[in-house]
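Enquirer: next input, structure requested:
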Amino acid sequence: MLSIVFGLIAICLGFWGLIKYWWYMVDLLVAILPLVLIFSGIVALIAGIRNTGIKTSFKDKNGSKESVDASGDDAPQSRKKDE
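Expert: Coordinates of the predicted model:
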């Protein structure tokens, strides 16, 4: 019950501060927006690179690494299911 009361007080003080000092909130959003865009762009770039399937090297069945041919055959190979 006590946490509910403190939560309601915090919400009321937050709305009061937002209404009274809204120019500061706008300045804060203007300052934070470029940082959010940069970090979300980095995350999207990393996710896009991981989803493309581009590999610089791959493992064969023996576990040794082989580099990809210079001919450009770096397309992912489909695996056969064990029957």
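Enquirer: do a quick rundown of the strands in this structure.
Expert: 57-59, 65-67 (DSSP state E).
Enquirer: in the lengthiest helix in the chain, which residues are buried?
Expert: Among the segments of the chain that qualify as a helix by DSSP state H, the longest is helix 22-52. Going by neighbour count (16 or more other CB atoms under 10 Å), nothing in helix 22-52 comes out as buried. For the C-beta atoms, the positions are set from N, CA and C on the backbone; glycine is no exception.
Enquirer: same check, this time on stretch 7-15
Expert: In stretch 7-15, no residue is buried by neighbour count (16+ other CB under 10 Å).
Enquirer: shaky segments in this structure?
Expert: Along the chain, segments meeting pLDDT under 70 span 53-83.
Enquirer: quick check: residue 48 vs residue 27, distance?
Expert: Distance of residue 48 to residue 27, given as CB to CB, to the nearest Å: 33 Å.
Enquirer: look up how far residue 18 lies from residue 24.
Expert: For residue 24, the distance to residue 18 - CB to CB - is 9 Å.
Enquirer: then residue 29?
Expert: Distance, residue 29 to residue 18, using CB to CB: 12 Å.
Enquirer: residue 45 too?
Expert: Here the criterion is CB to CB. By it, residue 45 lies 34 Å from residue 18.
Enquirer: next: residue 3.
Expert: Distance from residue 3 to residue 18, by CB to CB: 22 Å.
Enquirer: if I look at residue 16, how far off is residue 31?
Expert: 22 Å.
Enquirer: sorry, wrong one. I was asking about residue 13.
Expert: Distance from residue 13 to residue 31, by CB to CB: 22 Å.
Enquirer: what does residue 9 give?
Expert: On the measure of CB to CB, residue 9 and residue 31 end up 28 Å apart.
Enquirer: same question for residue 10.
Expert: Taken as CB to CB, the span from residue 10 to residue 31 is 23 Å.
Enquirer: and if you look at residue 8?
Expert: In terms of CB to CB, residue 8 sits 30 Å off from residue 31.
Enquirer: again with residue 2
Expert: 35 Å.
Enquirer: and residue 23, how far from residue 11?
Expert: The span separating residue 23 from residue 11 equals 21 Å under the rule CB to CB.
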